[in-house]
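> Here you go, sequence then predicted model.
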Amino acid sequence: MTETTTGPSAPDANASDATTPDTAAAPAELTFADFNVHPDIVASLSDAGIITPFPIQAMTLPVALGGHDIIGQAKTGTGKTLGFGVPMLNRTVARGDDGWDTFPHAGKPQALAVAPTRELAVQVASDLERAGKRRGIRVLTVYGGRAYEPQIEALRNGVEIVVGTPGRLIDLAKQGHLDLTHCKSVVLDEADEMLDLGFLPDVEKLLAMTSPARQTMLFSATMPGAVVALARRYMSQPTHIRAMGDDQENAHTVKAVEQFVYRAHAMDKVEMLARMLQAEGRGLTIIFSRTKRTAAKVADDLIDRGFAAAPIHGDLGQGAREQALRAFRNGKVDILVATDVAARGIDVDNVTHVINYQCPEDEKTYLHRIGRTARAGNTGIAVTFVDWDDLPRWGMINKTLDLGIPEPEETYSSSEHFYDQLDIPRTAKGRLPKAAQKLAGLGAEVLEDLGETGKSSGRRPGAGGPGRDGGGRDGGRGRDGGGRGGRDSSRDAGRGGERRADSAPADGGEAASKPRRNRNRRRTRGGADAGEATTQA
């Protein structure tokens with residue numbers, strides 16, 4: 001297995017032997033046009049303002065464009081999607097290409113990308129669509145929580161690239177709608193997270209459905225034994241490319257993030273949070289919790305205090321989760337309160353702050369969380385609250401990552417060092433002033449009716465106040481996360497789609513679409529009305 005790491009550029013094997021003057025100019029920065037990439041892909045990237053590749057891209061492209069198998073090891077947020085996406089697009093036969101009319105597999109998927117989470121699948125597909133726009137390459141995203149019919153219809157109409165999560169991909173393949181036998185490029189993105197989530201058997205099934213002559217590219221932030229075993233079994237002489245930015249495995253993520261850790265009291269956390277969110281220069285912010293209930297409650301508390309926040313957790317259906325992410329990306333909310341599983345794969349630019357409202361379980365979770373900021377060469381701030389009961393857990397995280405913060409400083413919402421370290425104005429209080437409440441809120445973002453399978457999409461946006469989602473509290477909720485009585489009360493006629501017949505009224509009332517029948521029974525005697533019997537008597 002060949003291994004490539006970051007470092008000085010290797011000499012060009014085809015370069016001339018002619019000597020260069022001592023005063024030679026510095027080499028120009030590489031662009032995507034300098035690689036053997038289809039001009040339409042270069043133009044599409046240029047349209048999106050992407051000209052120069054990141055290190056992982058520059059290292060991956062020469063190998064991947066040559067058709068070799070790759071194990072790419074890089075931290076999240078380093079731009080590896082285009083590292084495998086551009087070669088995948090470059091190898092795809094598009095409708096406008098010469099020979100399309102005689103191409104034997106026209107309309108069948110030619111490439112497959114597998115991701116561990118819905119959010120990451122959507123992000124990868126979006127990047128591929130953007131890069132393949134001028135070539136007209138059709139990219140389909142498939143994942144659970146959405147109706148099958150639109151995905152099946154798209155496959156019938158023909159697609160070139162499929163991006164999806166393992167479960168839905170296997171379902172469609174077993175039903176005969178998804179044919180992977182002609183896939184000549186297969187990518188496993190965030191392979192270590194797929195293993196953590198128990199997807200290894202599904203991944204192996206998918207690989208067995210593809211062509212043995214495929215090019216396989218596996219990307220992972222870490223290389224546990226199971227990932228190495230997967231690579232050995234399904235890859236052919238892969239080149240191992242590491243773009244960690246430092247000899248220390250964790251250095252790339254930690255180096256760009258300024259970290260603060262506070263021993264905080266549970267009753268004071270929300271107050272600290274509210275003041276911290278008024279820090280100078282704060283942009284988009286992600287707050288992490290360990291439980292769904294905490295994520296819902298913190299989002300509700302922040303909304304009550306005047307902040308534009310949205311929750312994203314497992315009790316919300318796919319429609320509500322996508323609504324929250326769109327609102328976050330579109331600037332209608334600037335605070336996302338998320339659980340770890342729901343936040344896997346969230347890739348949003350310009351996240352300036354990550355806040356661990358609850359201490360992570362382990363060092364891997366910690367790195368995953370703070371990796372949501374300082375992406376694509378930016379810097380960020382990570383703040384972690386550590387309860388008294390969490391001190392042993394934090395001690396292990398600190399020791400493993402060698403962070404140098406073994407004893408977090410006891411901190412309250414009135415502590416001077418808290419204001420100084422996070423650049424919080426002394427005028428900041430526990431509520432956002434009315435004059436600063438400028439964002440539209442979650443209720444301003446359309447909630448799509450996805451024809452969801454399984455869970456309901458959560459409570460109707462707007463319940464409990466303007467722009468409020470309700471955060472998925474359990475009040476009367478069934479196990480499937482739906483509204484009271486099992487109704488899907490999340491779909492609202494005023495939210496960009498027809499209200500389903502079984503949904504709650506738009507005003508949030510309890511009345512059903514038909515008048516409720518009066519079930520009071522009248523007393524009778526011998527079959528006659530009791531009042532009539534008395535009169536006759």
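Arrived safely. Just so it is clear, the structure is predicted and the values come from calculations on it, not from any experiment.

> List the buried residues for stretch 311-326?
Buried positions in stretch 311-326, judged by neighbour count with 16 or more other Cβ atoms under 10 Å: 311-313, 315-326. (Each C-beta comes from the backbone N, C-alpha and C, glycine too.)

> How far does that stretch sit from its chain's centre?
Relative to the centre of its chain, stretch 311-326 is centred 11 Å away, using Cα atoms, centre = their mean, to the nearest Å.

> Flag the shaky bits of this protein, pLDDT-wise.
By pLDDT under 70, the low-scoring segments of the chain are 1-28, 75-77, 244-254, 342-345, 376-377, 452-537.

> same thing but at 50, please
5-27, 246-253, 456-514, 531-537 (pLDDT under 50).

> spatially speaking, which residue is in the middle of it?
For the chain, the residue nearest the mean C-alpha position is Ile346 (2.5 Å; Cα atoms, centre = their mean).

> Which helix or which strand is home to that one?
Counting by DSSP states H and E, there is no helix or strand that carries Ile346.

> ok, now how distant is it from Glu322?
Ile346 sits at a distance of 12 Å from Glu322 (criterion: Cβ to Cβ, to the nearest Å).

> again, but for Glu129
Using Cβ to Cβ, we find Glu129 at a distance of 16 Å from Glu322.

> what comes up buried for stretch 211-219?
For stretch 211-219, by 16+ other Cβ under 10 Å, it's Arg214, Gln215, Thr216, Met217, Leu218, Phe219.

> swap in stretch 122-141?
For stretch 122-141, by 16+ other Cβ under 10 Å, it's 122-125, 127-135, 137-141.

> so who does the residue nearest to the centre of the chain touch?
Glu119, Leu120, Gln123, Ile286, Leu325, Leu336, Ala338, Arg372 (Cβ atoms under 8 Å, 6 or more residues apart in numbering).

> what helices or strands is the helix or strand in which the fourth one is found leaning on?
It refers to Ile286. With elements taken from DSSP H and E, the one containing Ile286 is strand 284-289. With contacts defined as 3 or more Cβ pairs under 8 Å, 6 or more residues apart in numbering; DSSP states H and E, strand 284-289 has these neighbours: helix 292-304, strand 335-339, helix 340-343, strand 351-356.

> Please enumerate the helices of the stretch 251-400 of the chain.
251-255, 269-276, 292-304, 318-329, 340-343, 363-370, 391-401 (DSSP state H, counting those that start in this stretch).

> Burial-wise, tell me which of those comes out on top.
helix 318-329 (a mean of 24; mean count of other Cβ atoms under 10 Å).

> Hey, what's the angle from that helix to strand 284-289? Just curious.
140 degrees (axes from the mean of the first three to the mean of the last three Cα atoms, to 10 degrees).

> Which neighbouring elements make contact with helix 318-329?
helix 118-131, strand 309-312, strand 335-339.

> Could I get those in CSV, plus columns for distance to Arg282?
Formatted as CSV, those follow (distance: least, Cβ to Cβ, whole Å):
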stretch, distance to Arg282
helix 118-131, 23
strand 309-312, 13
strand 335-339, 10
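
> among these, which is nearest Leu207?
helix 118-131 (17.2 Å; Cβ to Cβ).

> Which strands border the next helix or strand after the closest one, and is each parallel or antiparallel?
Next in sequence after helix 118-131, counting helices and strands by DSSP H and E, comes strand 139-142. Under the criterion DSSP bridges, strand 139-142 sits next to strand 161-164 (parallel) in its sheet.

> Restrict the very next helix or strand once past the partner strand to CA atoms and write it as CSV.
Following strand 161-164 in sequence order, the next helix or strand is helix 166-174 (DSSP H and E). The C-alpha coordinates for helix 166-174 follow below in CSV (Å, rounded to 0.1, in the frame of the first residue of the first chain):
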residue,chain,number,x,y,z
PRO,A,166,-26.8,2.4,3.6
GLY,A,167,-30.3,1.4,4.7
ARG,A,168,-32.3,3.1,2.0
LEU,A,169,-29.8,2.1,-0.7
ILE,A,170,-30.2,-1.5,0.2
ASP,A,171,-34.0,-1.2,0.4
LEU,A,172,-34.1,0.2,-3.2
ALA,A,173,-31.7,-2.4,-4.5
LYS,A,174,-33.6,-5.3,-3.0
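
> chain center to the next helix or strand after helix 166-174, what's the gap?
Downstream of helix 166-174, the next assigned helix or strand under DSSP H and E is strand 185-188. Strand 185-188 sits 19 Å away from the centroid of its parent chain (Cα atoms, centre = their mean).

> Strand 185-188 packs against which elements?
Where contact means 3+ Cβ pairs under 8 Å, 6+ apart, strand 185-188 is packed against helix 80-91, strand 111-114, helix 200-209, strand 215-220.

> nearest to Arg282, of these?
helix 80-91 (26.9 Å).

> the inter-axis angle of that closest one versus strand 215-220?
170 degrees.

> Please name every helix or strand in contact with helix 80-91.
Against helix 80-91 (3+ Cβ pairs under 8 Å, 6+ apart) you get helix 39-47, helix 55-65, strand 70-73, strand 111-114, helix 118-131, strand 185-188, strand 215-220.

> I'd like the ones you listed as JSON lines, with distance to Leu277 appended.
Listed next are these as JSON lines, based on distance: least, Cβ to Cβ, whole Å:
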{"stretch": "helix 39-47", "distance to Leu277": "35"}
{"stretch": "helix 55-65", "distance to Leu277": "33"}
{"stretch": "strand 70-73", "distance to Leu277": "35"}
{"stretch": "strand 111-114", "distance to Leu277": "36"}
{"stretch": "helix 118-131", "distance to Leu277": "23"}
{"stretch": "strand 185-188", "distance to Leu277": "37"}
{"stretch": "strand 215-220", "distance to Leu277": "33"}
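
> Which of these sits closest to Lys434?
So among these, helix 118-131 is nearest, using Cβ to Cβ, at 33.1 Å.

> Contacts only, for Leu439.
Ala308, Gly331, Lys332, Val333, Asp334.

> Next one: it from Phe418, what distance?
25 Å.

> Kindly report the same for Leu200.
Taken as Cβ to Cβ, the span from Leu200 to Phe418 is 44 Å.

> who's more crowded, those two?
Phe418 (20 against 17; other Cβ atoms under 10 Å).

> What count of nearby residues applies to Val228?
Each residue near Val228 was counted by other Cβ under 10 Å, and the total is 15.

> so what's the backbone phi/psi at it?
The phi/psi pair for Val228 (degrees, to the nearest 10) reads phi -60, psi -40.

> Could you list the domains of the protein?
2-8+29-242, 251-444 (automatic domain parsing).

> Looking at the helices and strands packed on strand 185-188, which is nearest to Ala154?
For those, distance to Ala154 was read as Cβ to Cβ. The smallest value, 14.7 Å, belongs to strand 111-114.

> Give the pairing partners of the closest one; include direction for each.
Here, using DSSP bridges, strand 111-114 pairs with strand 161-164 (parallel), strand 185-188 (parallel).

> So what touches it?
Outside strand 111-114, the residues touching it (Cβ under 8 Å, 6+ apart) are 84-85, 88, 91-92, 121, 124-125, 128, 160-166, 169, 180, 183-189, 194, 203, 206, 210.

> And stretch 33-53, by the same measure?
29-32, 61-62, 65, 79, 82-83, 86, 89-90, 130-135.

> If we use 10 Å, what do you get?
28-32, 57-62, 64-66, 79, 82-83, 85-87, 89-92, 94, 96-97, 127, 129-137 (Cβ atoms under 10 Å, 6 or more residues apart in numbering).

> Same check on stretch 96-103?
So stretch 96-103 is in contact with His38, Asp40, Val93, Ala94, Arg95, Ala106, Gln110, Arg134, Arg135, Gly136, Ile137, going by Cβ under 10 Å, 6+ apart.

> Return the residues in contact with the last one.
Ile137 makes contacts with 40-41, 44, 88-89, 92-97, 110-111, 128-129, 131, 159-161, as judged by Cβ under 10 Å, 6+ apart.

> Appreciated, that's everything.
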